[in-house]
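S.K.: Curious how this folds, go ahead:
(one chain, ligands or ions: 1)
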Amino acid sequence: MTTDTGRERQRDAAGQLRHLLTLEGLTREEIVRLLDQAQGYVRRPGELPARDASLAGRTVANLFFEPSTRTRVSFELAAGRLGADVVNLEMLSSSRIKGESVLDTIYTLQAMAVDVFVLRDAEPGLPAYIARHVAPHVSVLNAGEAHLSHPTQGLLDALTIRQRLGDTAQLTVAVVGDVRHSRVARSAWQALATLGVGEFRIVGPPELMPDDGEFRGARRCPILAQGLEGADVVMALRIQRERMAEARIPDAHTYCREFGITTESLKLARPGALVMHPGPMNRGVEISGEAADGPQSAIQQQVANGVAVRMAVLATIVRHSQAQTPPATTGRTVG
Ligand code: NCD
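M.R.: Purely as a prediction, here's the structure:
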């Protein structure tokens, strides 16, 4: 399996998005269109959720080889609200472990008329690999690929910032914590760099910083005060223990003191700065409960936007597959 990011592969022959494997290579117009479409699916708390029939007759399969609550549930709700049938496969205890290759599982589901696969995996390369092998009318959506990419999260983060603060072009966005192992940070960076952002800062201890070649154009801040000064958006990240050797893990107490987002450390940022976190949170480590639940927090809004963004992505991708699906054979109908 190669580590093809899928940048070119995600388009069909006409250049339309067929899969969503990465935000790399998406144009500003494409991102804005997805965000505008997602905005159309946003409802106020307490209102009935948006629904339409863009995916009527379609079948979406969620295959998560890593744990997930919000991403999996929001893909499930998004597909259901667009009228699709949805199947959730328990991949942590499934065929890969029994020895069936992932591709055999995909072919089996494809034979049952699954036409959208939503994939999450700890190893790089699976979404692009599957995208290479599925039938022409079938789409693959990346729901988290190793430390590399989480495109729908990048979009929902951009949408949340845009809703709260408007145009991103003048904003200073500080992403704090385990940037090295974070697919969330990489996709946020790709979305914001394409949309235009005043300054993007990555903030954290040296052992959690990405390699030099990555995040080109972002400012690296090894000290929290430097990273937060004047920031309009502060995004805290969970330490991804599952992606690192023990030696790299800072002890929780020291980490919280030096890099924790708290009501106290938030005073270093612009007054009223937006507080974000992709979840799941470790309260008392990368973020305090007060900061997570306080008036500056957009964390629940991020979750709500996750459903809207996934609806927009599903509806966009399916428009492609409608063009690919051969017309139904005109056999005699039995009355
Ligand atoms: C993140 C992920 O899985 O990458 N969560 C999410 O999708 N909302 C971040 C994390 O696990 O820390």
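S.K.: What is the neighbour count of the closest residue to the ligand within the chain?
M.R.: Nearest residue of the chain to the ligand (C-beta to the nearest ligand atom) works out as residue 238 at 3.6 Å. From N, CA and C alone the C-beta is placed, and that goes for glycine too. Residues near residue 238, counting by other C-beta atoms under 10 Å, number 19.
S.K.: Does it touch residue 292 like I think?
M.R.: No. Between residue 238 and residue 292 there is no contact under C-beta atoms under 8 Å: 11.9 Å.
S.K.: Contacts only, for residue 168.
M.R.: Listed by C-beta atoms under 8 Å, 6 or more residues apart in numbering, the contact partners of residue 168 are 158, 161, 162, 192, 195, 196, 197, 198.
S.K.: Which residue comes closest to residue 205 once chain neighbours are left out?
M.R.: Once flanking residues are discounted, residue 205 sits nearest to residue 250: 6.1 Å by C-beta to C-beta, 6 or more residues apart in numbering.
S.K.: from the contacts of residue 168, which single one is nearest residue 26?
M.R.: The nearest member of the contacts of residue 168 to residue 26, counting by C-beta to C-beta, is residue 195 at 10.1 Å.
S.K.: So which bits of the stretch 201-335 of the chain are right by the ligand?
M.R.: 238, 278, 279 (C-beta under 6 Å from any ligand atom).
S.K.: Residue 75 touches residue 310, doesn't it?
M.R.: Yes. With contact defined as C-beta under 8 Å, residue 75 reaches residue 310; the gap is 5.2 Å.
S.K.: residues contacting residue 134?
M.R.: Residues in contact with residue 134 (C-beta under 8 Å, 6+ apart) are 106, 110, 117, 140.
S.K.: re earlier: the residue nearest to residue 205: what secondary structure?
M.R.: coil (DSSP: H, G, I helix; E, B strand; the rest coil).
S.K.: Quick check: the farthest pair among the contacts of residue 134?
M.R.: Longest span within the contacts of residue 134, C-beta to C-beta: 110 and 140, 11.2 Å.
S.K.: So which of those two has more stuff around it?
M.R.: Shown here are residue 110 and residue 140; by other C-beta under 10 Å, residue 140 has more neighbours (28 against 18).
S.K.: Quick one: classify the more buried one as helix, strand or coil.
M.R.: Assignment for residue 140 (three-state DSSP): strand.
S.K.: So for it, what's the pLDDT?
M.R.: Model confidence at residue 140, given as pLDDT, is 98.
S.K.: Considering the contacts of residue 168, which possesses the most neighbours?
M.R.: residue 158 leads the contacts of residue 168 on contacts (other C-beta under 10 Å) with 28 neighbours.
S.K.: Go ahead and list the helix or strand containing it.
M.R.: helix 151-165 (DSSP states H and E).
S.K.: Now that helix: buried residues?
M.R.: Within helix 151-165, the residues that count as buried by 16 or more other C-beta atoms under 10 Å are 151-162, 165.
S.K.: Tabulate the contacts of residue 134 in TSV, adding columns for secondary structure.
M.R.: Below are the contacts of residue 134 laid out as TSV (three-state DSSP):
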residue	secondary structure
106	helix
110	helix
117	strand
140	strand
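S.K.: Which ones, among these, also lie beside the ligand?
M.R.: Okay, of those, nothing touches the ligand (C-beta under 6 Å from any ligand atom).
S.K.: where in the stretch 51-200 of the chain is pLDDT low?
M.R.: For the stretch 51-200 of the chain, applying pLDDT under 70 flags the ranges 93-99.
S.K.: Flag every residue of it that's near the ligand.
M.R.: So far as C-beta under 6 Å from any ligand atom goes, the stretch 51-200 of the chain lies against the ligand at 70, 71, 144, 150, 153, 183, 184.
S.K.: what about 5 Å?
M.R.: Taking C-beta under 5 Å from any ligand atom as the contact definition, the stretch 51-200 of the chain meets the ligand at 71, 144.
S.K.: just the strands in the stretch 51-200 of the chain please.
M.R.: 59-64, 85-89, 116-121, 139-145, 172-176, 199-203 (DSSP state E, counting those that start in this stretch).
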